[in-house]
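In: how does the following fold in three dimensions:
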Amino acid sequence: MAQTDFKSTATGGDDRFKLADLPQTRSQATSSIGRLVDATDQNYRNWAGLGQSIQNSRRDALLLDLDQRAKAHAKKSPRDTLEDLADLGFSWRSVAAVLGVSVPAVNKWRRGEGISGENRLKIAKLRAMVDILEVCFIKEPVSWLEMPIQERVALSRMDLLVGGRYDLVIELARSETGSVGATAEDVLNEFNPRWRTELVDDHFETFIDADGDVGIRPRGQ
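Out: I've put the predicted structure just below:
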């Protein structure tokens, strides 16, 4: 038995008249939206991963610059480099804290006594850090390092150096002088995710504002 072409019958065989496609069922529409959500979610993850990769590469480059400068300073005698740091305004206590040694150990090196290669490089690295701050147009870098990272937060840039986070200090320096860098809050979150409860001055408290953001205000307000 011959099959009837219902489409041709319905349109009289004229292609100018075509039946409209049947609308999607609810399940088909839901499936299409689900695929769209999955695709956009995957794209977001891809871009987020790419952004993090770029950020990591950029930070690696900043640290490579610091290392190269440190190697150049390491060619000088540690005694001379320590005197440079003193002339720049570093206290011996601050130098000792950043290097992770005692003040008597620093005084011994100032007298020209023996020093390990590791500590020699640490001294050179601190001096190189000053070079980078000066490149970022930061005047009187030592007082800048002693400033709190954020008002009413008990953490200074010098504390970051003591913690070995030269990278975060460079990020702050670049950010505060108009270059691409991390914000103060970004740095605090990376250095200590619990900073709002552990480092905020006792006279102040954290709170959630109307927009759902975390803020700091005088206690009792």
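In: give me the number of residues near S175?
Out: For S175, the count of nearby residues is 17 (other C-beta atoms under 10 Å). To be clear about C-beta, it is placed using only N, CA and C from the backbone, and glycine gets the same treatment.
In: heads up, I number from 29, so please use that
Out: From this message on, residue numbering opens at 29, which makes the last subject S203.
In: which ones are touching the nearest residue to it once chain neighbours are set aside?
Out: Excluding its sequence neighbours, the residue lying closest to S203 (C-beta to C-beta, 6 or more residues apart in numbering) is G209, at 3.1 Å. Going by C-beta atoms under 8 Å, 6 or more residues apart in numbering, G209 touches 198-203.
In: buried residues in stretch 172-186?
Out: Within stretch 172-186, the residues that qualify as buried are 172-174, 177-178, 181, 183, 185-186, counting by 16 or more other C-beta atoms under 10 Å.
In: re the thing from before, redo the contacts of G209 as JSON lines? Include secondary structure and pLDDT.
Out: As requested, the contacts of G209 are exported to JSON lines (DSSP: H, G, I helix; E, B strand; the rest coil; pLDDT from 0 to 100):
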{"residue": "I198", "secondary structure": "helix", "pLDDT": "93"}
{"residue": "E199", "secondary structure": "helix", "pLDDT": "91"}
{"residue": "L200", "secondary structure": "helix", "pLDDT": "93"}
{"residue": "A201", "secondary structure": "helix", "pLDDT": "92"}
{"residue": "R202", "secondary structure": "helix", "pLDDT": "88"}
{"residue": "S203", "secondary structure": "helix", "pLDDT": "85"}
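In: could you dump those to CSV with distance to F165?
Out: Shown next, in CSV, are the contacts of G209 (distance: C-beta to C-beta, whole Å):
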residue, distance to F165
I198, 14
E199, 16
L200, 13
A201, 9
R202, 10
S203, 13
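In: nearest spatial neighbour of S122, skipping sequence neighbours?
Out: Leaving out its chain neighbours, the residue that sits closest to S122 by C-beta to C-beta, 6+ apart is M186, at 6.2 Å.
In: that neighbour touches I177, doesn't it?
Out: No. With contact defined as C-beta atoms under 8 Å, M186 does not count as touching I177 (10.0 Å).
In: quick one, helices of this protein?
Out: Ranges of helices in the chain, per DSSP state H, are 34-39, 54-101, 106-116, 120-127, 131-138, 145-163, 169-174, 185-190, 194-204, 212-219, 223-226.
In: rounded mean pLDDT for the first one, please.
Out: Looking back up the chat, that one is helix 34-39. The average pLDDT within helix 34-39 is 49.
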